[in-house]
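1. mind folding the following:
(3 chains)
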Amino acid sequence: MPIIDLANPTRFLTIANRALPWLIAVTVIVFAIGLFYVMNAPDDYQQGATVKIMFLHVPAAWLGMLGWGLMSVAALGTLVWRHPLADVAGKAAAPIGAAFTFICLVTGSLWGRPTWGTYWVWDARLTSMLVLLLLYFGVLALYWTAEEPGRGARAAAILSLVGAVNLPIIKFSVDWWNTLHQPASVFRMGGSTIDPALLTPLLIMALAFTLLFATLHLAVMRNEILRRRVRSMRLMQAQELAEAT
Amino acid sequence: MNLGPHADFIVAAYAVTLFVVAALVGWVVLDYSAQCRTLGDLEARGVTRRSQRKG
Amino acid sequence: MIAFNALLVRDMRLAIRVGGGALMGALFFLIVVTMMPFAIGPDLALLARIGPAILWLGALLASLLALDRLFATDHEDGSLDLLMMGALPLELSVATKAIAHWLTTGLPLVVIAPLLGLMLNVELHAMGWLALTLLVGTPALTFIGLVGAALAVALRRGGLLLAVLVLPLTVPVLIFGVAAANAALFGATPFGPPFTILCALTLASLVLGPIAAAAALRHGLE
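-> Numbers count the residues shown, from 1 in each chain, chains lettered A, B, ... in the order given. As a prediction, the model looks like this:
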């Protein structure tokens, strides 16, 4: 079916309803395969078994950033091309991206404790992820405190684009700041290169998490379309009651 | 599967991930059923959408 | 040009006259910097080491709190709608308001910073350099904050939302501003690179801030 069908909410719902069961099934299967590989993965010669946390931390980081990228593309769709479902896509991506960024930070902290001795360290990558989470909170605040969904969506779209421009700058400045304050040591999470034996589980888990993101995103979009339907029906009902009296 | 001396941290990391993902899934599922229920209510009470009326 | 001047002068007059928004920022800066030693302790050596950081944080918070008033009063009495329909392109109107805001709120911070530096035992020779970093950096804070102020007024939400939106975006300015100030003070690292990056950030925000803020106003208030 042509991609233009995806612009119509009703057709989108039909497609989503049919696609979701398959997506869920594929996601579960890939997770099962991934976890099998994780359990059989060798220990890292430096970090021992704690390297297994990497299989969660790295995909979560990737998805946190993907979430913001998706929001930015959706923002262009809302502001520039006026695609009817673009703001729904953006609003749906925000909580999922924020959740994965949070997972990234928590798993990073738990990985850091046995490896470096503290629960939090101002490592350049962790700190950038923290700033990203704060930006997510800002966007979520815009979406959920707006009275009209349309207005909140447009404001959030602008913030998504401003954030997208700013994120590379923030990343650069945090990297710079980190090297300034820790000139001697190189705290790189996961070591400088990844052992090939650890790469396969990592990629499979990354794929599994990405499929999970896609499934959740589709489901949240469906919920948001339904929510807007409820709202417009209620508004119409109120209007009719007002006209009748 | 021997997780070594820092097994607690590994288990905790996987537990937190599972918890957050479960919370997300739970929110999505509950929200979906709530919206469906509300839509059903509204349609039962005779409120229809503009596009349904036209058709 | 006439419209630009008129708007600039109008905003500055309002800021200086009504409620003393101009001097309130400077006063807040003074109070915040005074509070820091109560929390940190009177150890002069420590205060001297973190002096630039305290001054930059104080300037950041003072700029942030003053941003509330940038669009709020105009929105309430309808002049924001007039501005949006007016002769100047909205990006330029918004930039003009931001310039007026910086002149009345940001510049006083730069002026009293050396005085506050004395309180924090910052060395005299570096005071000028520190003020210079603030001079170059505070416009960036204003122009980045512009975007948050436009978003918050479009949604009719208050100051804390603005802070939540703006603060993460100002991280680079804070990092390079303090780095330049520390470089000038302690000489351990070169002053040039962070300072030029700070200048670049300010110049970029002068252009991008008004564009984003105007878009926020247009889309939010349509």
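2. now the spatially closest residue to residue A:79 that is not a sequence neighbour: which helix or strand?
-> Excluding the flanking residues, the one nearest residue A:79 by CB to CB, 6 or more residues apart in numbering or on different chains is residue A:157, at 5.3 Å. For every residue, glycine as well, the C-beta is placed using N, CA and C. Counting by DSSP states H and E, the element that carries residue A:157 is helix A:149-181.
3. related to what we said a few turns ago, quick one, what contacts the residue nearest to residue A:79?
-> A:71, A:74-75, A:78-79, A:86-87, A:90, C:219 (CB atoms under 8 Å, 6 or more residues apart in numbering or on different chains).
4. likewise residue C:127?
-> Each residue near residue C:127 by CB under 8 Å, 6+ apart is listed here: C:113-114, C:117-118.
5. that one falls within a strand, correct?
-> No - assignment of residue C:127 by DSSP: H, G, I helix; E, B strand; the rest coil gives helix, placing it outside any strand.
6. which residue, other than its chain neighbours, is closest to residue A:172?
-> Closest residue in space to residue A:172, ignoring its immediate chain neighbours: residue C:172 at 7.6 Å, by CB to CB, 6+ apart.
7. tell me the confidence at the residue located most distally from the centre of chain C?
-> Of all residues in chain C, residue C:43 has its C-alpha farthest from the mean position, at 29.1 Å, by CA atoms, centre = their mean. On pLDDT, residue C:43 comes in at 85.
8. low-confidence ranges in chain A?
-> Applying pLDDT under 70 to chain A flags the ranges A:1-6, A:181-194.
9. thought residue A:52 was touching residue A:42?
-> No - taking contacts as CB atoms under 8 Å, residue A:52 lies outside contact range of residue A:42: 10.3 Å.
10. returning to that earlier point: ok, now which ones touch the residue nearest to residue A:172?
-> A:166, A:169-170, A:172-173, C:201.
11. ChimeraX command to pick out the buried ones of those?
-> To isolate the buried subset of those in ChimeraX, counting by 16 or more other CB atoms under 10 Å in any protein chain shown, use the following:
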select /A:166,169,170,173 /C:201
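12. against chain B, how distant is residue A:167?
-> Note on residue A:167: its distance to chain B, by CB to the nearest CB, to the nearest Å, is 22 Å.
13. that residue: how many residues sit nearby?
-> The burial count assigned to residue A:167 is 20, neighbours taken as other CB atoms under 10 Å in any protein chain shown.
14. show me what counts as buried in the biggest helix by length in chain B.
-> Counting by DSSP state H, the longest helix found in chain B is helix B:7-44. For helix B:7-44, a neighbour-count test (16+ other CB under 10 Å) marks B:7, B:9-10, B:12-14, B:16-17, B:20-21, B:24, B:27-28, B:31-32, B:35, B:38-39, B:42 as buried.
15. so what's residue A:58 closest to, chain neighbours aside?
-> The shortest distance from residue A:58 to any non-neighbouring residue, by CB to CB, 6+ apart, is to residue A:202 (6.2 Å).
16. tell me the contacts of the one you found?
-> Residue A:202 touches A:54-55, A:58-59, A:194, counting by CB under 8 Å, 6+ apart.
17. report the buried members of the residues you listed.
-> Buried members of these, counted by 16+ other CB under 10 Å: A:54-55, A:58-59.
18. circling back to that earlier point, so which strand or helix has the residue nearest to residue A:58?
-> helix A:196-244.
19. now that helix and helix A:149-181, what's the angle there?
-> Relative orientation of helix A:196-244 versus helix A:149-181 (axes from the mean of the first three to the mean of the last three CA atoms, to 10 degrees): 150 degrees.
20. find out how far helix A:196-244 is from the centre of the chain, if you would.
-> In terms of CA atoms, centre = their mean, to the nearest Å, the centre of helix A:196-244 is set 13 Å apart from its chain centre.
21. now swap in stretch C:58-69 and tell me
-> For stretch C:58-69, the distance to the chain centre is 6 Å (CA atoms, centre = their mean).
22. outside of it itself, list whatever touches it.
-> Contact with stretch C:58-69 is made by C:15, C:21, C:24-26, C:28-29, C:32-33, C:36, C:101, C:105-106, C:109, C:113, C:116, C:134, C:137-138, C:141-142, C:145-146, C:148-149, C:152, C:158-159, C:162-163, C:166-167, C:170, C:174, as judged by CB under 8 Å, 6+ apart.
23. apply 7 Å and report the result again.
-> Applying CB atoms under 7 Å, 6 or more residues apart in numbering or on different chains, the contact partners of stretch C:58-69 are C:21, C:25, C:28-29, C:32-33, C:105-106, C:109, C:134, C:138, C:141-142, C:145, C:148-149, C:159, C:162-163, C:166, C:170, C:174.
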